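Colleague: Take a look and give me a structure for this.
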Amino acid sequence: LSGVLGGKKEVRSRRSSPEGNSDCSHDMNPSSNLGTSEVLRCRMAEREADYTKVEHFSVFCGTWNVNGKPVSPVEQFLIVDDPLPDIYAVGFQELDLSAETLVLNETAREKDWVMAIETAIGPSYVQVKVMRLVGMLLVVYVRQDFRDLIHDIDAQACGTGLMKKMGNKGGVAIRFKFNMTTFCLVCSHLAAHQEEVERRNEDFHDILSRITFNDDSCIADHDMLMWMGDMNYRLNAGSLDESNIRAMALNDMPSLFKMDQLIHEQEAGRTFAGFQEGPVLFQPSYKYDPGTDQFDSEKGRSPAWCDRVLFRGDGIEVVDYRCHMALKTSDHKPVSALLRVPVRHSDPIREKEVFTEELFHMDRMANNMLPNVQLSTLDLVFSDVKFFESPAQYVKVTNTGNVPCHFHFVSRLDDTAFFPPWLTVKPASAVLRSGKSTTLTFTVSIRPNLLTQFNRRPSAEKILIFHLESSRDFFLNVSVKFTPTVFGRSLSELSVLSQPRLEPSLEPQARDRTTALSCSNPTSENSSRNASPAVSVTSMMGPGVAAHLAQKASSALDDSDHPPRPLWVLFDALIERGLDTVDLFFQGGRQRELAYIREAFDSGDYDLGTVGVRSIAEALLVFLEALPEPIVPFRFHSACLYCCGARAACHELIETIPLVHLTSFMKLTMMLTLLLSQSSKNHSNRSSLLSLFGNVVFRTPPDIESPKERAIREKKCVQFLGHFVQ
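Modeller: Numbers count the residues shown, from 1 in each chain. So this is what the prediction gives:
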C-alpha cells in the first residue's frame with residue numbers, strides 16, 4: 001500500500017496535530033503535489049482502528065547530568081529487572097564543559113559514553129540514532145528482534161542559550177516510527193538558577209516549537225512523546241532555611257515536593273501542558289558533593305528534583321520511576337523511568353480491504369464534487385511591528401465542499417521561497433475534512449539581519465498564493481508597517497544621533513577623541529563600583545592607537561565621532577552591574593526585558609531600570625549583530641586577519657579604522673578585560689569570550705560557505721581580538 005500511496009510517508013492520525021486539532025492532517029512538504037493520495041492518508045488514519053491491533057512494549061528513558069566528568073560504568077543506571085526493555089533512550093547533559101566544545105560543538109567524550117552504554121546493555125540491542133548538541137547527548141537503542149519495525153528515523157537539535165542560539169542550553173530530539181506508531185524522544189537542558197523559572201518555561205516552548213524534522217513534522221506531532229533531561233526547576237521554599245529543606249528531603253519528601261517549581265508551573269499551564277510524570281518517591285537528584293550522597297556542602301545550594309522524565313501519549317503506563325543513588329561521580333544523580341507503551345500494528349489483509357473501500361468511495365466522490373474552501377480574510381495588515389516582538393494574525397480556513405481538501409502555499413514564478421524571511425505561516429499545508437475548519441497562524445518577526453532594511457524602508461508587502469489542490473488559487477495580501485529602531489543602525493548614524501555631553505571635568509577645547517572611550521555612561525554619573533583601577537583605556541591601547549587619538553586632541557569632534565549612545569549605555573550597564581554575574585554572556589535574557597530595552601532606546605529614555613543583566617548582555621550581542629557594518633568594518637578584515645599573529649601590527653592596524661568604530665572596539669575590549677579581571681567571581685573563560693565576540697567584532701560574511709574556511713577565519717578573528725584583551 002505504501003507504493004500506492006507514494007512511498008514511506010507516514011499516515012498522520014488524529015493525534016498528530018501540534019495544535020490538538022483533530023480535523024486536519026499536516027502535510028510533510030508545502031510544495032508536494034499529492035492530491036488524492038494525501039486525502040486517502042487522512043481517510044485511512046481516521047479508520048486506523050478498523051485494521052490495526054495494539055501490542056505493548058517497554059521503553060527505558062534515562063537522564064544524567066554528568067557535570068563534565070570522565071566516562072564511568074553505567075550498569076547500575078541502565079540495567080533493570082527482567083524483562084529487559086525493548087527500547088533504551090539515554091540522555092546526558094554537560095557531557096563536556098570545555099570552551100572548545102561550546103564553540104566548535106566537538107567532543108571526544110561522545111564516543112566514550114556511547115561505548116559505556118553499549119557495554120552495559122550488551123549485544124542484544126542495535127543503535128537507532130545518536131544526536132548531540134554541545135554537552136547534550138541522546139542515544140536510542142532497540143532490541144535486535146524489532147530493528148526492522150523501526151523506520152522514518154530523524155534527529156534534530158535546538159539551542160536556547162544566548163540569543164536563542166548557543167547550545168549550552170536547549171534540546172535534542174530523535175523521532176522514528178515503530179510499526180504504525182510515531183515516537184519522539186527529547187533530551188533537554190533548560191536554564192539554570194533558582195530565579196529563572198520564566199526562562200525555563202521559554203526554553204521548553206522554544207524547543208517544542210522550533211525543532212522541525214525533515215518530513216516537516218514537529219515534536220508535538222507524534223503519538224508517543226517522552227521528554228527527559230535536566231529541567232533545572234528548583235523549589236519555592238519560601239522562608240524555610242537550608243537545614244529544614246535538607247531535613248525534609250530526607251524525612252518528609254511528599255511535603256517538600258509540593259514546593260517543586262515544575263509542578264506549580266504545570267498546574268498553571270505555563271509549561272509541559274498535557275504531560276504526565278510517574279510518582280516522585282525518590283530523593284532530590286541535585287545537588288550533591290561528587291563522590292558522596294551528601295547534599296552540597298561547598299555553596300550550600302538547596303536540593304531539588306532537577307532531573308525528570310515526562311511523557312505524553314494515550315495508554316502509556318509507568319512501570320518504574322527512580323533515582324539511582326549508587327552513581328556518585330557527578331553533582332546530579334541519574335533518573336530513569338520504565339514505561340509500558342502501546343504500539344499499533346496493522347493486519348495486512350484487513351488494511352487492504354479498508355483501503356479498497358476508501359478508494360472506491362473517493363472515486364465516487366471525485367466524479368461528482370470538487371474541493372472548495374472559505375477563508376475568513378484575504379488581507380492581513382500588521383501595523384506598528386516592533387523589534388523583539390512577534391505579532392500574529394489568524395486566518396480561518398473552512399472546507400465548504402463535500403470532500404476532504406488538500407491545500408498548500410506555492411511560490412510565484414519569480415520567487416524561490418514560499419514566504420518572505422520576516423514571515424512564518426503554520427500550518428503551511430494540510431488536509432481538511434469536509435465541513436471542518438483549521439486556523440492558519442501568520443507571525444511576523446524581524447530578525448537582526450533584517451533591521452537595516454526595515455529601518456530604511458519600514459513598509460513591506462507580500463502576496464501569498466494559497467493553492468487548493470484540484471481547484472482554485474487564493475491570493476492573500478500581507479503588509480507590514482515596521483516601527484524603526486536604533487537597533488540595526490550604523491555606528492556613524494548612532495553617533496550623529498547621540499552627541500553625548502562631555503564629562504564636567506573637561507573643557508570644551510579639550511574635546512579629544514579619548515573622551516569617547518570614557519567608562520562612564522554619557523547619560524549618568526561616573527560608575528566605579530565594579531571598575532578596576534588597574535585597568536584603563538590607555539593601558540590597553542598600543543602606542544600607535546594612543547598617538548592616533550592624541551593627535552586629534554586639539555580638534556573638535558565631528559558629529560559622526562561621538563560615542564554611539566545606546567551602545568555605550570549597554571557597555572556601561574554591564575561594567576557597572578554585570579561583572580560579578582556567572583555565565584553573563586552564555587545564558588539568554590528575557591523577551592519582555594529585551595523589548596523594554598528597545599522601547600527605552602527608541603524613546604530616548606536610556607534608563608534601564610531593573611532590567612536583568614543577562615537581558616542587557618543579550619541586547620548588546622543582538623545590537624552588535626544587527627550593525628550593518630561590524631565594529632571592525634568589512635574592508636579591514638583581510639588585513640586584520642593577515643597580521644593576526646603579530647601583536648604590534650594588530651595595534652598599528654586598528655588605529656586606521658574609522659574613529660567611532662575604533663572607540664567602540666576599545667570600549668568592548670575594556671569591558672571584556674574588566675570581566676576577566678573578576679573571573680574568580682563570574683567564572684568567565686577567556687577562550688569562550690574571545691570566540692563569542694570574535695565572531696561579533698568581525699562577523700563572517702554570508703558568502704563564505706565552506707565550514708573549513710569559516711573555522712580558519714574564526715580562529716584568526718579570536719587571535720586578533722586576543723591582543724587587546726588582557
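Colleague: For the residue nearest to the spatial centre of the chain, list the residues it contacts.
Modeller: Taking Cα atoms, centre = their mean, the centroid of the chain lies closest to T160, which sits 2.9 Å from it. If you count contacts by Cβ atoms under 8 Å, 6 or more residues apart in numbering, T160 has them with 169-171, 190-191, 202-203, 206-207, 588. All C-beta spots, glycine's among them, are computed from the backbone N, C-alpha and C.
Colleague: now, which of these lie within helices?
Modeller: Those of those mapping onto helices are 202-203, 206-207, per DSSP state H.
Colleague: Most neighbours among these, please name it.
Modeller: The residue in the ones in helices among the contacts of T160 with the most neighbours, by other Cβ atoms under 10 Å, is D203 (27 neighbours).
Colleague: what bits of the stretch 401-550 of the chain have low per-residue confidence?
Modeller: 498-550 (pLDDT under 70).
Colleague: hmm, 50 instead?
Modeller: For the stretch 401-550 of the chain, applying pLDDT under 50 flags the ranges 500-550.
Colleague: Ok, the chain next?
Modeller: In the chain, residues with pLDDT under 50: 1-22, 25-34, 500-557, 559.
Colleague: in the top strand by length along it, what's buried?
Modeller: Longest strand in the chain by number of residues, with DSSP state E as the criterion: strand 52-65. Buried residues in strand 52-65, defined by neighbour count with 16 or more other Cβ atoms under 10 Å: 52, 57-65.
Colleague: ok, those vs R340, which is closest?
Modeller: Closest approach between those and R340, by Cβ to Cβ: S58, at 5.9 Å.
Colleague: still on that earlier bit, any chance of the contacts of T160 in a markdown table with distance to F623 as columns?
Modeller: What follows is those, written out as a markdown table (distance: Cβ to Cβ, whole Å):
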| residue | distance to F623 |
| --- | --- |
| K169 | 22 |
| G170 | 23 |
| G171 | 27 |
| L190 | 26 |
| A191 | 22 |
| E202 | 20 |
| D203 | 23 |
| D206 | 21 |
| I207 | 26 |
| G588 | 14 |
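Colleague: Tell me the one among those residues nearest to L423.
Modeller: So of these, ranked by how close each gets to L423 (Cβ to Cβ), first place is D206, at 19.0 Å.
Colleague: check contacts around the closest one.
Modeller: By Cβ under 8 Å, 6+ apart, the residues touching D206 are 158, 160, 164, 170.
Colleague: what does P633 give?
Modeller: So P633 contacts 657-658, 661 (Cβ under 8 Å, 6+ apart).
Colleague: now do the same end-to-end measure for stretch 308-324.
Modeller: Using Cα to Cα, to the nearest Å, one end of stretch 308-324 lies 12 Å from the other.
Colleague: one step back: out of the contacts of D206, the closest to L423 would be?
Modeller: K164 (18.4 Å).
Colleague: Output the next helix or strand after the longest strand of the chain as CSV - backbone C-alpha positions only.
Modeller: Sequence order places helix 75-78 as the next helix or strand after strand 52-65, per DSSP states H and E. Listed next in CSV are the C-alpha coordinates belonging to helix 75-78 (Å, rounded to 0.1, in the frame of the first residue of the first chain):
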residue,chain,number,x,y,z
GLU,A,75,25.4,-0.7,34.5
GLN,A,76,23.8,0.4,37.8
PHE,A,77,21.9,3.1,35.8
LEU,A,78,20.7,1.1,32.8
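Colleague: ok, and what's touching helix 75-78?
Modeller: 60, 62, 64, 88, 90, 117, 120-121, 324, 326-327, 334, 336.
Colleague: Determine the set of other helices and strands touching the next helix or strand after that helix.
Modeller: The helix or strand immediately downstream of helix 75-78 is strand 87-93, counting by DSSP H and E. Contact here means 3 or more Cβ pairs under 8 Å, 6 or more residues apart in numbering; DSSP states H and E; on that basis strand 87-93 packs against strand 52-65, helix 109-121, strand 136-143, strand 170-178, strand 181-189, strand 224-230.
Colleague: Could you export the ones you listed to CSV, including columns for distance to P348?
Modeller: Formatted as CSV, the helices and strands packed on strand 87-93 follow (distance: least, Cβ to Cβ, whole Å):
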stretch, distance to P348
strand 52-65, 11
helix 109-121, 32
strand 136-143, 22
strand 170-178, 17
strand 181-189, 17
strand 224-230, 23
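Colleague: closest to T483 out of the ones you listed?
Modeller: Nearest of these to T483, taken as Cβ to Cβ: strand 170-178 at 30.5 Å.
Colleague: which other helices and strands contact the closest one?
Modeller: strand 87-93, strand 125-133, strand 136-143, strand 150-159, strand 181-189, helix 197-210.
Colleague: just the angle between the fifth one and strand 125-133, please?
Modeller: Relative orientation of strand 181-189 versus strand 125-133 (axes from the mean of the first three to the mean of the last three Cα atoms, to 10 degrees): 50 degrees.
Colleague: Can you name every helix or strand that strand 181-189 contacts?
Modeller: Applying 3+ Cβ pairs under 8 Å, 6+ apart, we find strand 181-189 packed against strand 52-65, strand 87-93, strand 136-143, strand 170-178, helix 197-210, strand 224-230, strand 335-346.
Colleague: Single out the most deeply packed of the ones you listed.
Modeller: Highest mean neighbour count among the helices and strands packed on strand 181-189 (mean count of other Cβ atoms under 10 Å): strand 87-93, with a mean of 28.
Colleague: how far away is the residue nearest to the centre of the chain from A304?
Modeller: 20 Å (Cβ to Cβ, to the nearest Å).
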